[in-house]
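> What shape does this take:
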Amino acid sequence: MARPPGCKQRGPFVDECVPGKYAWCRCERSGTYPYCDGSHRGSEVTPLKVVLDVPRTVAWCACGATRSQPYCDGSHRAG
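Predicted coordinates for the structure are as follows:
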């Protein structure tokens, strides 16, 4: 499978997340990828906002092919 333009890596970004608000970058310009840093400003692309109620390990999609945004669903392994 070909990766989308701007894709940061093939596999997911795995992070231990505490409860709180997160903004998953969809413009792929963020210096804190996979988290939004506001680099999308001035474009039509906006981050996907996520609220976590409990601590958990999150596998954030980095290939852009997931069907369950913002989470990795293994689509990077297809093809």
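> Burial check on the closest residue to Pro55 other than its chain neighbours, number of neighbours?
The shortest distance from Pro55 to any non-neighbouring residue, by C-beta to C-beta, 6 or more residues apart in numbering, is to Val18 (5.4 Å). (C-beta placed from N, C-alpha, C; glycine too.) By other C-beta atoms under 10 Å, 10 other residues sit near Val18.
> Over to Lys49?
Lys49: 11 neighbours (other C-beta under 10 Å).
> Reduced to three states, what does it come out as?
Of the three states, Lys49 takes strand under DSSP: H, G, I helix; E, B strand; the rest coil.
> thought it was touching Arg26?
No: applying C-beta atoms under 8 Å as the test, Lys49 and Arg26 come out as separate, 10.8 Å apart.
> quick one on the thing from earlier: hang on, isn't the residue nearest to Pro55 packed against Thr57?
No: taking C-beta under 8 Å as the definition, Val18 is not a contact partner of Thr57, at 11.2 Å.
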